[in-house]
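A.B. asks: Using only what follows, build the 3D model:
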Amino acid sequence: MMKSYLPKMILSSGLLVMSGCSSVMTHTGGQEGYYPGTRASYDMLTDSETSWGYKPFVALDMPFTAVMDTVLLPWDMFRTDKSVKSRVEASESKNLATNSVIPPAQ
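C.D. replies: Numbers count the residues shown, from 1 in each chain. Prediction:
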């Protein structure tokens, strides 16, 4: 009796572990905006540099990522990004704006 449930339990636990993988990665990685995991999955699917062996996993995970992004939508609306990446990008854009006003020395 237990043998018939074992493959179902393994499959369902594997799907549960895989669900929303891109969403979790983008939310912990400091990406801003709404639905960052779904955007990242779409970018991977349309990128020619993504391996052909990886694309089916991304396509399989994309609906779960969209659901997880929807669940995390209130978090995205109220969070402020204080990651190292966002601080470096802000600093570089500030320096770029300063350098465009002050011409380089010749």
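A.B. asks: middle-most residue in the chain, spatially?
C.D. replies: Thr26 (2.9 Å; Cα atoms, centre = their mean).
A.B. asks: need the contact list for it.
C.D. replies: By Cβ atoms under 8 Å, 6 or more residues apart in numbering, the contact set of Thr26 is 36-37, 39-40. C-beta coordinates here come from the backbone N, C-alpha and C atoms, glycine included.
A.B. asks: could you say which helix or strand contains it?
C.D. replies: helix 21-28 (DSSP states H and E).
A.B. asks: so where do the helices sit in the chain?
C.D. replies: 2-18, 21-28, 36-46, 55-71, 73-78, 84-101 (DSSP state H).
A.B. asks: can you redo these as a markdown table with mean pLDDT?
C.D. replies: Converted to a markdown table, those look like this (pLDDT from 0 to 100):
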| stretch | mean pLDDT |
| --- | --- |
| helix 2-18 | 73 |
| helix 21-28 | 74 |
| helix 36-46 | 87 |
| helix 55-71 | 86 |
| helix 73-78 | 82 |
| helix 84-101 | 71 |
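A.B. asks: Most neighbours among the contacts of Thr26, please name it.
C.D. replies: Counting neighbours by other Cβ atoms under 10 Å, Gly37 comes out on top of these with 26 neighbours.
A.B. asks: what's the distance between it and Glu49?
C.D. replies: Gly37 sits 19 Å away from Glu49, going by Cβ to Cβ, to the nearest Å.
A.B. asks: Starting from Ser41, give me the distance back to Val88.
C.D. replies: Taken as Cβ to Cβ, the span from Val88 to Ser41 is 25 Å.
A.B. asks: Those two: which has the busier surroundings?
C.D. replies: Shown here are Val88 and Ser41; by other Cβ under 10 Å, Ser41 has more neighbours (26 against 10).
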